[in-house]
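A.B. asks: What follows is a predicted structure for the sequence shown.
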Amino acid sequence: MSVYDTYEAVIGLEVHAQLSTKTKIFCGCSTTFGNAPNSNVCPVCLGMPGVLPVLNKQVVEYAIRLGLATHCAISPTSVFARKNYFYPDLPKGYQISQYEEPICRHGFVDIDLEDGSTKRIGVTRIHMEEDAGKSIHDMDTDTLVDVNRCGTPLLEIVSEPDMRSAKEASQYLHSVWQTVKYLGICDGNMEEGSLRCDANISVRLKGETKLGTKAELKNMNSFRNVERAIEYEIKRQIDLIEEGGTVVQQTLLWNAEKNIAAPMRSKEEAHDYRYFPDPDLVPVVVDNAWIASAQKLIPELPKERRKRFVESFKLPAYDAGVLTQERELAEYFESAAGQLSKKNEENHKTVSNWIMTDVLRVMNDKKIAVADCPITPEHLGAMVNLIADGTISGKIAKEVFDDMLTTKEHPKAIVERKGLLQISDAGAIEKEIDLILAKFPNEMTRYRGGEVKLTGFFVGETMKVMKGKGNPKLINEILKKKLDG
């Protein structure tokens, strides 16, 4: 047994989701990403003397929805506080956040483990806060500050320290990412910073109940980097302890290029921030009617949708997992499946196959979202109907699919325009097969000598001369009779 197997990690995540509101949390400035530096600003988000913040109601609405989706209790009253610290990208010298009285408490997120079991990760709290600006340190001599992000609304989701591996942490983060995207409250773009994750990590000998000294990891901008960074930090702490050293409470920055974490500063405690209630903001009051209204706006979430896809559409669990990765893709599948005629309803798996291979390939190649796919779900479903009806073969369907990409025509119109109707005339097919068998007498002899795999050769040759229009089922049936006769 490795020394690493004698330890266990204790991991908690703090996830910051930037909300998809048009304006900031306490002022009317735009939240648009990518605008010229220091252009989305006003006296309120710059913290000028005498200005007063006004809470964006949409932020509270989004917080309630996320709280309900993660099984949290919604606080009837929550309070904003000032978190005091000094940094160049924080013009006010404090950040408006929530501390003692957050809007959501005591929820959970269930994650699926590799062995097929489910693990419940507690959510300690979800609170509203404003973002700070951005310091740019990669200049030759200077540090530049862009305060466009100041005042952008965030929800911070704080987990319990319930995760025991980097994989579990990545699974939990992925579940939170899916949830905020399904709710439509955050675009989840980690590279642009719309979803950010800090990890608190400590290690202890297995069987111990006392927590070890934790370090905080920052600057992880992808699921893969979260996993790599946590694995690195777990190993670093175990190595340090085994060498007789002591883990120091500190904040570390992950360097993805070098695959290392470097110390940034000593880790702060809550008292270092000198929290106190913000005197310019009244408590936020949420009544039962508001909660009931928000509940009605919560869509079917990924876990429930995966289960329904397996039960209602008879899809394999793997397919259901791929198709429900994003809400838009799941809706694309359901729209396409909804086009199937009553007699073709069992072809949901065929629809799934086309989406997971061809549609996703197009999206990846063109770097587009499913909403921008040139092939509509209605056209894809109609094409699957043509295959199921025997109007076209699977091979011809590939040609129709490629044509739809450029023309955006209905598949039936393409089939008629290009004369792609499948040939199901048994006499015509038999005639072509006779010619093929006469052309390849040696292969006939080998087949009858036991090389039954040559069936595929004969099918391929027949489809070739029929330009892919031959009914493959009929071709196989007639060939079998001819070869075995």
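C.D. replies: Done, it's in.

A.B. asks: Show me what stretch 25-40 is in contact with.
C.D. replies: Applying Cβ atoms under 8 Å, 6 or more residues apart in numbering, the contact partners of stretch 25-40 are 18-19, 21-24, 41-42, 44-45, 53-56, 59, 96, 128-130, 144, 146-148, 151-154, 192, 194. C-beta here means a position set from N, CA and C on the backbone, and glycine is covered the same way.

A.B. asks: Go again with 6 Å.
C.D. replies: For stretch 25-40, the surrounding residues in contact (Cβ atoms under 6 Å, 6 or more residues apart in numbering) are 24, 42, 44-45, 53, 56, 59, 130, 146-148, 151-153, 192.

A.B. asks: cool, and stretch 189-198?
C.D. replies: Contacts with stretch 189-198, where a contact means Cβ under 6 Å, 6+ apart, come from 13-18, 33, 173, 177, 186-188, 216, 218, 220-222, 226.

A.B. asks: again, 7 Å this time
C.D. replies: Outside of stretch 189-198, the residues within contact range by Cβ atoms under 7 Å, 6 or more residues apart in numbering are 13-18, 33, 173, 177, 186-188, 216-218, 220-222, 226.

A.B. asks: quick check: domain ranges of the chain?
C.D. replies: 3-295, 302-418, 426-484 (automatic domain parsing).

A.B. asks: Pull out the buried residues from stretch 451-458.
C.D. replies: Within stretch 451-458, the residues scored as buried using 16 or more other Cβ atoms under 10 Å are 454, 458.

A.B. asks: correction: stretch 373-391
C.D. replies: Going by neighbour count (16+ other Cβ under 10 Å), the buried part of stretch 373-391 is 373, 375-377, 379-388, 391.

A.B. asks: What of stretch 68-80?
C.D. replies: Per 16+ other Cβ under 10 Å, stretch 68-80 contains these buried residues: 68, 69, 70, 72, 74, 75, 78, 79, 80.

A.B. asks: wait, which of those residues is closest to residue 313?
C.D. replies: Of all the buried residues of stretch 68-80, residue 313 sits closest to residue 69, with 23.5 Å by Cβ to Cβ.

A.B. asks: In this structure that closest one contacts residue 298, no?
C.D. replies: Yes. Counting by Cβ atoms under 7 Å, residue 69 does reach residue 298; the two are 5.8 Å apart.

A.B. asks: list residues touching both of the two?
C.D. replies: Common neighbours of residue 69 and residue 298, using Cβ under 7 Å, 6+ apart, are residue 183.

A.B. asks: Which of the buried residues of stretch 68-80 sits closest to residue 413?
C.D. replies: residue 69 (42.6 Å).

A.B. asks: Can you give the distance of the helix or strand containing residue 362 from its chain's centre?
C.D. replies: Residue 362 belongs to helix 360-366 when assigned by DSSP states H and E. Centre-to-centre, helix 360-366 and its host chain are 16 Å apart (Cα atoms, centre = their mean, to the nearest Å).

A.B. asks: which helices and strands sit right next to that helix?
C.D. replies: Using 3 or more Cβ pairs under 7 Å, 6 or more residues apart in numbering; DSSP states H and E, no helix or strand is in contact with helix 360-366.

A.B. asks: all numbers from here: first residue = 12
C.D. replies: Understood, numbering begins at 12; the last thing we discussed is helix 371-377.

A.B. asks: buried set for that helix?
C.D. replies: Of all the residues in helix 371-377, those buried under the rule 16+ other Cβ under 10 Å are 371, 373, 374.

A.B. asks: for the record, mean pLDDT for that helix?
C.D. replies: Regarding helix 371-377, the rounded mean pLDDT is 96.

A.B. asks: Likewise for stretch 450-458?
C.D. replies: Mean predicted lDDT for stretch 450-458 stands at 86.

A.B. asks: Which helix or strand contains the closest residue to residue 124 other than its chain neighbours?
C.D. replies: Closest residue to residue 124 apart from its sequence neighbours, by Cβ to Cβ, 6 or more residues apart in numbering: residue 130 at 5.6 Å. If you go by DSSP H and E, residue 130 is part of strand 129-141.

A.B. asks: And the contacts of that strand?
C.D. replies: Strand 129-141 is contacted from outside by 36-37, 70, 74, 77-78, 81, 83, 106-109, 113-116, 118-124, 162-171, 173-174, 179, 183, using Cβ under 7 Å, 6+ apart.

A.B. asks: Direction included, what does the helix or strand following it pair against?
C.D. replies: As assigned by DSSP H and E, the chain's next helix or strand after strand 129-141 is strand 145-147. Next to strand 145-147 in the sheet, as set by DSSP bridges, lie strand 155-157 (antiparallel).

A.B. asks: Mind listing what's buried along the strand it pairs with?
C.D. replies: If you call a residue buried by 16+ other Cβ under 10 Å, then strand 155-157 has these buried ones: 156, 157.

A.B. asks: what does that strand rub up against?
C.D. replies: By Cβ under 7 Å, 6+ apart, the residues outside strand 155-157 that reach it are 48, 49, 99, 100, 144, 145, 146, 147.

A.B. asks: Look at the fourth one and tell me its secondary structure.
C.D. replies: Counting by DSSP: H, G, I helix; E, B strand; the rest coil, the backbone at residue 100 sits in coil.

A.B. asks: what number of residues lie near it?
C.D. replies: The number of residues packed near residue 100 is 17, by other Cβ atoms under 10 Å.

A.B. asks: what's the answer for the last one, then?
C.D. replies: For residue 147, the number of neighbouring residues by other Cβ under 10 Å comes to 12.

A.B. asks: quick revisit: can you put the contacts of strand 155-157 in a markdown table and add pLDDT?
C.D. replies: What follows is these, written out as a markdown table (pLDDT from 0 to 100):
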| residue | pLDDT |
| --- | --- |
| 48 | 91 |
| 49 | 92 |
| 99 | 85 |
| 100 | 87 |
| 144 | 91 |
| 145 | 86 |
| 146 | 82 |
| 147 | 80 |
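
A.B. asks: re the thing from before, sitting in helices, which of the buried residues of stretch 79-91 do you find?
C.D. replies: Within the buried residues of stretch 79-91, residues falling in helices by DSSP state H are 79, 80.

A.B. asks: Pipe the buried residues of stretch 79-91 into a markdown table and attach distance to residue 355 and pLDDT per row.
C.D. replies: Below are those laid out as a markdown table (distance: Cβ to Cβ, whole Å; pLDDT from 0 to 100):
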| residue | distance to residue 355 | pLDDT |
| --- | --- | --- |
| 79 | 38 | 98 |
| 80 | 35 | 98 |
| 81 | 39 | 98 |
| 83 | 43 | 98 |
| 85 | 45 | 98 |
| 86 | 51 | 98 |
| 89 | 52 | 97 |
| 90 | 57 | 97 |
| 91 | 56 | 97 |
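
A.B. asks: for the buried residues of stretch 79-91, which one is nearest residue 457?
C.D. replies: Nearest to residue 457 among the buried residues of stretch 79-91 is residue 80, at 62.3 Å by Cβ to Cβ.

A.B. asks: quick one, what contacts the closest one?
C.D. replies: 190, 194, 309, 312.

A.B. asks: same thing but 8 Å
C.D. replies: So residue 80 contacts 190, 193, 194, 309, 312 (Cβ under 8 Å, 6+ apart).
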